[in-house]
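Undergrad: With the input below, show me the fold.
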Amino acid sequence: MKGSVGALALTTAAGCLGDSGSGSGDAPGADGEMIMTTSTETTSAYAMSQAIANRVNQNTDAVTVDARPSEGTNANIGRLSRDEADISYIQNWTASKVANNEAPFEDIEFTPTQVFHLYDLAWLLTSPNDGWTSVSDIQPNSRVSPTPRGSGTAEMLQHSLDYVVDDYERVSISYGNQASAMSEGRLDVGAATFINESVEPGWVQQMKSTVDLRVLQWPEDAVSQLEDDPAVIISDIDMGGFEGYAYAPDTLHTPTLAYNFVVRNDFSYDTLYSFLETLWAQREALQEDNALLGGLADGEFWTQNAYDTLPFHPAAADFYQEKGVWSDEFEVADE
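TA: Now for the predicted structure:
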C-alpha cells in the first residue's frame, strides 16, 4: 500500500486532556516528555521499556521517557485516548480492531500511528493438571486465564478458544501470579509465551519451577480453522529447544502476535523524531541492558512485521526513509 491516510480526528475528545498526561503544548508530547506503557510490572515487555527509557534519558536532553506498567494492549489504547500515555505498544489483533472501528474502539477520536517493532510473541496455553495434553481437555468448570483482562492478547486467545471449547470459567490472573495460583489449585489453564518464538520470560520459568507444567496442543481441526482466520497468526514451534515441561508436543501449533509501539497521529513530530534519533544511536548498546532488545541492533528490525492496518507517524516515516529501512508499501498518516 502506498500514499497516506487521513486521521480519524486531529484532536482528542473534549475533556480527555487531563493533568495525568504529558502533553502541555499545542500537541501531545510538545514539552518533550513521553509516557511509555507496555504491560504489567512482572513482564519482559515492561522490563524492556525501562531499558529503552533509561537509554534515551541518559543520552539526550531533548526527550524524557517515563516507562510505566499497564494492563496490556487494549488498555494502552485507552491510555492514549485519555492522554495518560504518549507511546504504547499494541499488537496486530488490537490494530485490526482499531482500524475497523470494532468494539471497544468505536469511539476513539485519533489514529494510532506506528513507530517501531518491539517483538513477536507466540502465545500458548499451559496446565498443571496431570494427563492434560490438549486444549480440548478444558472442561466447563475449568478455571482458565488466557492472560489478564484488559489485554488484547486475552481477546485473541478467547477467540481462538471458541474454535475448541464451548465453555469454561474465565478468571483473570496476572502473569507473575499464575505459578502460585496453579500450585494452590486456583488455576487449571494459564497463558505462557515465547519471545520471538525462542526465549522464555522469567515468569514462565517460574511456572515451570513451581508446578509440573504441561503445554497444551491445539487440535488439528482447530489449527486448520485458525490458519484460515485473517485475525489470527499461527506459528509452528519446535519444542525440542525448551526444557523443563512435564509435557510438550514435538511441534507446537499456536497463535502468535506482533507487538509494535504506536503514538497518536497528533503527537509532536519533533519529540518523536528526537526519540527515534536517540534510540537508534543506542540500538547496539540496548542488548547490554536487556538481551531481548538485541533485535533492535539490526535496522531492518525496526520496521519488521509492520501492520498493514495502521499508518506510520510522519516523523517515523521520515526517519526510516533517511535510514534506508522504509518500504513503499507502508502508509503514512497525514501531518
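Undergrad: now the helices for this protein?
TA: Under the criterion DSSP state H, the chain carries helices at the ranges 44-59, 73-81, 92-99, 152-161, 178-183, 202-210, 220-227, 269-281, 286-289, 314-323.
Undergrad: how distant is stretch 151-161 from the center of its chain?
TA: 12 Å (Cα atoms, centre = their mean, to the nearest Å).
Undergrad: Buried residues, that stretch. List them.
TA: 151-157, 159-161 (16 or more other Cβ atoms under 10 Å). For glycine as for every other residue, the C-beta is placed from the backbone atoms N, C-alpha and C.
Undergrad: what does stretch 63-82 give?
TA: Applying 16+ other Cβ under 10 Å to stretch 63-82 flags 63-65, 67-82 as buried.
Undergrad: Pull the CA coordinates from that stretch and hand them back as PDB.
TA: Output in PDB follows, covering the C-alpha atoms of stretch 63-82 (Å, rounded to 0.1, in the frame of the first residue of the first chain):
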ATOM      1  CA  VAL A  63      13.300  14.000  25.400                       C
ATOM      2  CA  THR A  64      12.400  12.400  28.700                       C
ATOM      3  CA  VAL A  65      10.800   8.900  28.700                       C
ATOM      4  CA  ASP A  66       8.800   7.600  31.700                       C
ATOM      5  CA  ALA A  67       8.200   3.900  31.400                       C
ATOM      6  CA  ARG A  68       5.100   2.800  33.300                       C
ATOM      7  CA  PRO A  69       3.200  -0.500  33.700                       C
ATOM      8  CA  SER A  70      -0.200  -1.100  32.100                       C
ATOM      9  CA  GLU A  71      -2.800  -3.800  31.900                       C
ATOM     10  CA  GLY A  72      -2.000  -4.600  28.300                       C
ATOM     11  CA  THR A  73      -2.600  -3.600  24.700                       C
ATOM     12  CA  ASN A  74      -6.300  -2.800  24.800                       C
ATOM     13  CA  ALA A  75      -5.800  -0.700  27.900                       C
ATOM     14  CA  ASN A  76      -3.000   1.100  26.200                       C
ATOM     15  CA  ILE A  77      -5.300   2.400  23.500                       C
ATOM     16  CA  GLY A  78      -7.500   3.800  26.300                       C
ATOM     17  CA  ARG A  79      -4.500   5.400  27.900                       C
ATOM     18  CA  LEU A  80      -3.500   7.100  24.700                       C
ATOM     19  CA  SER A  81      -7.100   8.300  24.200                       C
ATOM     20  CA  ARG A  82      -7.200   9.800  27.800                       C
END
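Undergrad: just how off-centre is it within its chain?
TA: Counting by Cα atoms, centre = their mean, stretch 63-82 is centred 11 Å from the centre of its parent chain.
Undergrad: One more: stretch 274-287?
TA: Taking the mean of its C-alpha atoms, stretch 274-287 sits 20 Å from the chain's own mean (Cα atoms, centre = their mean).
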